[in-house]
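Asks: Next comes the sequence, and after it the predicted model I'd like to discuss.
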Amino acid sequence: MKIKPVDHMVTAKTKPDYIASAKPHYLPASPVASAAPYRHHWLLDLVIQMVKTKPLGAFGGALVLGMVMMAFFAPLIAPYNPNEMHGMQSLLPPSADFYFGTDALARDMFSRIVYGARVSLAVGLGAVGLSIFLATVIGVLSGYFGGRLDAVIQRFVDAIMSFPWMIIMLTIMSILGPGTVNVILALALAGFAGSSRVIRSAVMAIKHSEYVMAARSVGCRQFTILLRHILPNVAAPILVLATLGLGNAILAEAALSFLGFGVPPPASSWGRMLSGDGLDYMLKGPWLVIFPGLAISAAVFGFNMLGDALRDLLDPRLTGGARVNK
């Protein structure tokens with residue numbers, strides 16, 4: 001007896017009613033498909049979580065955003081050129097014409113503070129970017145490979161951390177001389193050692209995880225493991241270190257400028273405003289030190305509060321940290 005093969009192709013007679021009907025039938029979307037659009041809004045979810053659970057961090061983020069906008073739109077915000085001298089109108093108190101008064105050279109203090117945000121952000125971002133890059137390379141290599149390489153690198157880091165950061169910066173600036181690039185190099189070389197220790201600890205906790213062991217067992221190269229498995233999982237502490245480091249870099253640049261080793265004039269540096277006319281005419285014109293000091297304090301406070309909030313939100317191991325779905 002011959003068995004007739006069954007035709008698995010769906011014909012018009014064998015079609016179910018919901019397919020053969022003229023009105024199309026749509027199946028409900030899968031959970032994966034419905035969740036896919038949400039993954040694109042993890043940054044918005046992070047902001048909402050910060051506003052709800054970390055209002056002080058949200059306030060710090062608003063200060064940072066205001067500083068960035070002020071630096072970006074400085075020509076539109078500042079009423080005058082920061083280096084323009086206004087005749088005999090020196091050491092004028094705050095007024096409708098000069099919101100923050102004028103300095104000893106009859107320059108508008110408000111315009112100089114607005115343009116000073118550009119200097120602080122440029123130095124801070126450059127120094128933190130270079131510092132985090134060095135710290136990431138050193139921390140990842142030292143924590144992942146371990147052994148003699150780790151011992152040699154950590155003794156080098158110990159030697160750097162044994163010197164005060166101000167001594168390191170002043171030594172570098174005395175050798176290289178004043179300048180924006182030299183300030184960035186000095187701040188980066190003085191601050192990368194401590195960050196590398198934090199990144200090394202995070203890498204050592206990750207390298208023995210199951211997914212890293214599975215990647216090794218299937219023959220993945222070391223570079224692939226570092227790039228695809230180690231670095232993405234230490235991105236959160238790196239982001240927090242960068243945010244906290246920006247406040248410290250702005251404060252350190254102000255200290256160097258106050259000592260005369262920072263960004264050279266005629267650049268509008270907040271620290272140099274304090275050390276120049278601010279020191280000489282502090283009693284006669286207190287606004288010369290009040291407004292630059294408030295600008296430095298607001299910038300450092302904003303970055304520190306934002307960094308603390310990001311640390312709590314991105315690290316679920318911390319008590320009280322909010323979980324952010326990515």
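Replies: Alright, I've got the coordinates.

Asks: For the closest residue in space to Met282 that isn't next to it in sequence, give me the backbone phi and psi.
Replies: Excluding its sequence neighbours, the residue lying closest to Met282 (C-beta to C-beta, 6 or more residues apart in numbering) is Val289, at 5.3 Å. The C-beta positions use only the backbone N, C-alpha and C, and glycine is treated the same way. Main-chain dihedrals, Val289, degrees, to the nearest 10: phi -110, psi -20.

Asks: burial count for Val289?
Replies: For Val289, the tally of surrounding residues (other C-beta atoms under 10 Å) stands at 18.

Asks: In this structure it contacts Leu274, no?
Replies: Yes: in terms of C-beta atoms under 8 Å, Val289 counts as a neighbour of Leu274; the distance is 5.7 Å.

Asks: the longest helix in this structure is where?
Replies: When secondary structure is assigned using DSSP state H, the longest helix within the chain turns out to be helix 109-145.

Asks: Please compute how far it lies from its chain's middle.
Replies: 8 Å (C-alpha atoms, centre = their mean, to the nearest Å).

Asks: Tell me which other helices or strands that helix touches.
Replies: helix 55-72, helix 74-77, helix 147-161, helix 180-206, helix 235-259, helix 270-275, helix 287-314 (3 or more C-beta pairs under 8 Å, 6 or more residues apart in numbering; DSSP states H and E).

Asks: Which among those is found nearest to Leu125?
Replies: helix 235-259 (7.2 Å; C-beta to C-beta).

Asks: and the angle for the closest one with helix 55-72?
Replies: 60 degrees (axes from the mean of the first three to the mean of the last three C-alpha atoms, to 10 degrees).

Asks: in helix 235-259, what counts as buried?
Replies: Within helix 235-259, the residues scored as buried using 16 or more other C-beta atoms under 10 Å are 236-238, 240-258.

Asks: Met213 looks like it's in a strand, true?
Replies: No: membership of Met213 in a strand is not supported by DSSP: H, G, I helix; E, B strand; the rest coil, which gives helix.

Asks: Report the separation between it and Ile206.
Replies: 11 Å (C-beta to C-beta, to the nearest Å).

Asks: Which one's more surrounded, the two?
Replies: Counting neighbours by other C-beta under 10 Å for Met213 and for Ile206 shows that Ile206 has the greater number, 18 against 10.

Asks: Quick check: closest non-adjacent residue to the more buried one.
Replies: In space, and not counting its chain neighbours, Ile206 is closest to Asn233: 5.1 Å by C-beta to C-beta, 6+ apart.

Asks: Specify the angle between the host helix or strand of Lys52 and helix 55-72 in degrees.
Replies: Assigned by DSSP states H and E, Lys52 falls within helix 42-53. What separates the directions of helix 42-53 and helix 55-72 is an angle of 130 degrees, with the same axes, to 10 degrees.

Asks: Can you spell out which helices and strands pack onto helix 42-53?
Replies: Counting contacts by 3+ C-beta pairs under 8 Å, 6+ apart, the secondary-structure elements packed against helix 42-53 are helix 55-72, helix 287-314.
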